[in-house]
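Trainee: quick one, what's the 3D model for this:
(chains A and B)
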Amino acid sequence: MQLSGAQALIKSLEQQGVDTIFGLPGGAILPVYDPLIDSSIRHILVRHEQGAGHMAEGYALATGRPGVAMVTSGPGATNIVTPIGNAHMDSTPLVVVTGQVASAAIGTDAFQECDITGITMGITKHNFLVKSAQEIPRAVAAAFHLATTGRPGPVLIDVPKDITQSTMDWWYPSTVDEYDLPGYRPEVALDQEAVERAIALINASERPVLYVGGGTLKSRASKELLAFAERTTMPVVTTLMARGAFPDSHDQHLGMPGMHGMYSAVTAIQKCDLLISLGARFDDRVTGKIPAFAPHAKVIHVDIDRAEFNKVRFADVAIQSNVAPVLRAWDAGSATPHNLDVWWKEIRSWQEQYPLFYEEPLADGPLRPQHVIEAIGAKAEPGTIVSAGVGQHQMWASQYWKFEEPGTWINSGGAGTMGFGVPAAIGAKVGRPDRTVWCIDGDGCFQMTAQELVTARAEGIPIKVAILNNAYLGMVRQWQEMFYEERYSEVYLSADLPDYVKWAEAMGCVGLRATNLKQMHEVIDEANAINDVPVVIDFRTDSSEKVFPMVAAGASNDDIQVHPLQRGGAK
Amino acid sequence: MTPPEPYLGVVDHTPVRHHILSVLVENKAGVLARIAGLFARRGFNIYSLAVAPAESNARFSRVTIVVDAESAPLEQIVGQLDKLVNVVAITDISPKDALERELLLATIKTDVDNRTSLLDIIASAGAAIVDVDAKSVTVMLAATPGNCDEFEKALEGFSDVELHRTGRVALPRLGKTAHAY
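Mentor: So this is what the prediction gives:
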């Protein structure tokens, strides 16, 4: 069967089971958009290529399947660099197809030419510049294989225009051997000796902590984690990337560790004698000052990527594996710590002394952002998916939302990409149309990517957006208040400019506003009753509200600061 | 206030804690850029690097990288390198188990006054004269990196020297095995 390269590309994506592409056409990718008309694949036409990338990420994080984005060459490609970098930091499976100028024009500074494989070399798991139409099926199959196996990540396929316009004899690789990846071996046999050494450490421990990272979600090990944690009665912390891997309602769950983690989660790590890292990477936002991190702990480090071992923290036992097989092997070997009653008594005292805390909101406003999140959560149906941008609202969402299952928390962790929330929520809703999707956003983040609400309205993707509008770049304001003597430099945004309600309406969405408690409850109910178009709510929140607890950058986790009203032991 | 001096480079000698990585890679466009980019962004130092098509198979190339194991733990360098999809195999040869050789070419301007001493230096280093004319001599030395260093130092007394070195290649000594990752 003779096909054009463009047809082969679309057919290859169909072969991979792709149901949705997020993208925006342009000159170099034009040939591929023609056969798309006849394809079963749904295409979501975005308003900016960054939106396509973040939507694909939201889709991937909500479904566990790779997200797919397609854009043109030059600025189309550079506009999607931020989502690619974001997916690289968070190990999100992504396949990005970029158009490229014709092969003969490469290197001549042709119109809309850029070296996107060069630009993304350091922020993709791998990338391809396709050299012939006959190679397209192999490149696509290999890209999906790379994106989804081992440590997942973004893979980019750059396809010159003459390649998509030329013809090929259709074929499709049927085995991994045909992918032509002689250097790629994502899975290694489980090291039984290391498993045994880990069991010995667990059996000797009196104060263990299960430090659960995003790798636990990526490797779908939540069930095994629950079983292992309940059998061993160990306390569990879930990092920002792992929220939802272990139910927040479970009484062994201490919540999130790190810079804005729960006091009990942070302190349990500091005091533990054994830290069991399951798909976590000792990020600086978790460790604080590294020499002072978990100073009494031996470390068991489970990761599919061996380059994570001993990168930040020495591992007494390192096991290169997905999480689930290791937990099953530990269960089979009856790994059991000492009786943890004394340890739990200590942990419970921290939980009682320093729970999450914010001041009671005043009836007339301004609203407390934490309270708004709790109010939305209280009225949300189980299984609601929450996305966030980056900053204070993200930390509050992670702290105050109750995550009960994998795939319900969509956020930008490692890269810290402002503007991630709205497009990611759209992607999540496309992937899980049965679920309610809330985007908890900040006013600064919202302004970066809000144009994608036009996409959401046009494509019939009814997400709900809660802007916690404090009129500031809130996290930066918090740092300037705490560490720069309240010298506020370039952080004020205004609560009224833009008018978020009018802006939402102009984009075909329902726009609502709440400035006091009564309105807050009303607009949440109103938003919950709307299921056909996107809703945007402008919640006017207190500008002076800060995220606590907090460990200052570079400080030891022992120096965690709780809310000022909790200091001195009093609430 | 004086502005900081521009970086003029330093004459480098082989780092004390160096390792020789023999890396088999797919012979594809951009592979060297991937390796160089990885070392640059992770802050690993390359002391020398030599690339050539691999023995017996046109599909692969062999890259011999001398890394400074002071700049980062070898485990990190190897772990990150191994994640490059085009990297097929990595072997690590510790210097004490390695046969290391390097090729040096140098053209030295001479006159009647210093010609004899130059010929003495060439002879004692075991270098070979590969080209010669009335005013200059081109010599070749294939030797251990240390001997190349010494030869280079011996030529410092000559005012006009153009000197190129290839960077080293290495194999394990007989009876020793390289550590394969």
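Trainee: tell me where the model's unsure across chain B.
Mentor: B:10-16 (pLDDT under 70).
Trainee: and it, what are its domain boundaries?
Mentor: B:18-93, B:99-170 (automatic domain parsing).
Trainee: for chain B, which residues are neighbours of chain A?
Mentor: Contact residues, chain B versus chain A (C-beta under 8 Å from any C-beta of the partner chain): B:25-26, B:29-30, B:33-34, B:37-38, B:41, B:59, B:73, B:75-76, B:79-80, B:82-89. C-beta here means a position set from N, CA and C on the backbone, and glycine is covered the same way.
Trainee: rerun that using 6 Å as the cut-off
Mentor: Residues of chain B lying near chain A by C-beta under 6 Å from any C-beta of the partner chain: B:R34, B:G37, B:R41, B:E75, B:G79, B:Q80, B:K83, B:V85, B:N86, B:V87, B:V88.
Trainee: list the contacts of the nearest residue to A:Q165 once chain neighbours are set aside.
Mentor: Spatially, and ignoring its direct neighbours in sequence, A:Q165 is nearest to A:P31 (5.2 Å; C-beta to C-beta, 6 or more residues apart in numbering or on different chains). When contacts are counted by C-beta atoms under 6 Å, 6 or more residues apart in numbering or on different chains, A:P31 touches A:A6, A:T164, A:Q165.
Trainee: who's in contact with the second one?
Mentor: The contact partners of A:T164, taken as C-beta under 6 Å, 6+ apart, are A:G5, A:A6, A:P31, A:V32.
Trainee: please identify which pair of those lies farthest apart.
Mentor: Spatial extent of the contacts of A:T164 (C-beta to C-beta) is set by the pair A:G5 and A:V32 at 8.3 Å.
Trainee: ranges for the strands of chain B?
Mentor: Here chain B has its strands, by DSSP state E, at B:18-26, B:46-53, B:60-68, B:87-93, B:98-109, B:128-132, B:136-143, B:161-165, B:169-172, B:179-180.
Trainee: with mean neighbour count added, can I get the ones you listed in JSON lines?
Mentor: Converted to JSON lines, the strands of chain B look like this (neighbours: other C-beta atoms under 10 Å in any protein chain shown):
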{"stretch": "strand B:18-26", "mean neighbour count": "21"}
{"stretch": "strand B:46-53", "mean neighbour count": "16"}
{"stretch": "strand B:60-68", "mean neighbour count": "21"}
{"stretch": "strand B:87-93", "mean neighbour count": "20"}
{"stretch": "strand B:98-109", "mean neighbour count": "18"}
{"stretch": "strand B:128-132", "mean neighbour count": "12"}
{"stretch": "strand B:136-143", "mean neighbour count": "18"}
{"stretch": "strand B:161-165", "mean neighbour count": "13"}
{"stretch": "strand B:169-172", "mean neighbour count": "19"}
{"stretch": "strand B:179-180", "mean neighbour count": "12"}
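Trainee: distance to A:R47 added to those strands, as a markdown table?
Mentor: Shown next, in a markdown table, are the strands of chain B (distance: least, C-beta to C-beta, whole Å):
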| stretch | distance to A:R47 |
| --- | --- |
| strand B:18-26 | 39 |
| strand B:46-53 | 44 |
| strand B:60-68 | 44 |
| strand B:87-93 | 39 |
| strand B:98-109 | 57 |
| strand B:128-132 | 65 |
| strand B:136-143 | 62 |
| strand B:161-165 | 55 |
| strand B:169-172 | 54 |
| strand B:179-180 | 51 |
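Trainee: so for A:E526, which of the ones you listed sits nearest?
Mentor: When those are compared by C-beta to C-beta, strand B:87-93 sits nearest A:E526, at 56.2 Å.
Trainee: list the strands paired with the closest one, with their directions.
Mentor: Within its sheet, strand B:87-93 is paired with strand B:18-26 (antiparallel), strand B:179-180 (antiparallel), according to DSSP bridges.
Trainee: which residues are contacting that strand?
Mentor: Contacts to strand B:87-93, defined as C-beta under 6 Å, 6+ apart, come from residues A:182-183, B:19-25, B:78, B:81-82, B:170, B:172, B:178-181.
Trainee: nearest the geometric middle of chain A, what residue?
Mentor: With distances taken as C-alpha atoms, centre = their mean, the residue of chain A nearest its centroid is A:N411 (3.7 Å).
Trainee: quick check: closest non-adjacent residue to it.
Mentor: Excluding its sequence neighbours, the residue lying closest to A:N411 (C-beta to C-beta, 6+ apart) is A:A388, at 4.7 Å.
Trainee: before we move on, what about A:A143?
Mentor: In space, A:A143 is closest to A:V155, 4.2 Å off (C-beta to C-beta, 6+ apart).
Trainee: returning to what we had before: got a pLDDT number for the residue nearest to A:N411?
Mentor: At A:A388, the model reports a pLDDT of 98.
Trainee: pretty sure it contacts A:Q394?
Mentor: Yes: contact criterion C-beta atoms under 6 Å: A:A388 and A:Q394 qualify, at 4.1 Å.
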